[in-house]
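Asks: Structure of the sequence below:
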Amino acid sequence: MKPLIFHNPNCGTSRNTLAIMKASGEHPEVVEYLKTPPARDYLVELLAKMEISPRELLRSKEPINDELGLNNPELSDDQIIDAMMAHPILINRPIVLTDKGAALCRPSERVFELLENPVSSFTKEDGEIVHHGNP
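Replies: Okay, the predicted model is just below:
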């Protein structure tokens, strides 16, 4: 399978994750999920592959999260997914899929575990150096 990243070019973590993938020789399909959000069924499938709940994927820092009252613990998974479908900005990013699995890559160095030949180290936009394996 061709690697895939659900990407937001305005997000530093997403940009760093994509850059790590490219530095590792990957040429992922880039889906700008704010322009092309995943279908509901596909989002449910992604959650299962990542083995996380909708609440764990929810980007709670967005103002719309508070406006919709999504911090209410009584909301069901379906209600949270409905909110993500209506407001894709609520989907946390970046989500990466490769033959090795799927993950929400926060922090961006989580992508190392999904790559066939990850670079041994990478310098993020802010100058932080992250290492794969032993530094």
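
Asks: how about the closest residue to I81 other than its chain neighbours, what does it touch?
Replies: Counting by Cβ to Cβ, 6 or more residues apart in numbering, I81 lies nearest to P54, which is 5.1 Å off, once chain neighbours are set aside. No exception for glycine: its C-beta is placed from N, CA and C like everyone else's. If you count contacts by Cβ atoms under 8 Å, 6 or more residues apart in numbering, P54 has them with 47, 77, 80-81, 84.

Asks: Next: S120.
Replies: S120 is in contact with 131-133, counting by Cβ under 8 Å, 6+ apart.

Asks: Show me how to select, in ChimeraX, the buried members of the residues you listed.
Replies: To isolate the buried members of those in ChimeraX, using 16 or more other Cβ atoms under 10 Å:
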select :132
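
Asks: Just the contacts of S120: which are in strands?
Replies: Among the contacts of S120, DSSP state E puts H131 in strands.

Asks: Tell me the one among the contacts of S120 nearest to C105.
Replies: Taking Cβ to Cβ as the measure, C105 sits nearest to H132 out of the contacts of S120, at 13.0 Å.

Asks: Quick one: the contacts of S120 as a markdown table, columns for pLDDT and distance to F6 too.
Replies: What follows is the contacts of S120, written out as a markdown table (pLDDT from 0 to 100; distance: Cβ to Cβ, whole Å):
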| residue | pLDDT | distance to F6 |
| --- | --- | --- |
| H131 | 92 | 25 |
| H132 | 91 | 22 |
| G133 | 79 | 26 |
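
Asks: and the end-to-end length of stretch 86-102?
Replies: Using Cα to Cα, to the nearest Å, the end-to-end distance of stretch 86-102 comes to 23 Å.

Asks: thought P28 was touching M1?
Replies: No. Contact criterion Cβ atoms under 8 Å: P28 and M1 do not qualify, at 10.4 Å.

Asks: For those two, indicate the residue with more neighbours.
Replies: A direct count of neighbours by other Cβ atoms under 10 Å for P28 and M1 places P28 higher, at 20 against 8.

Asks: Fine by me, we can end here.
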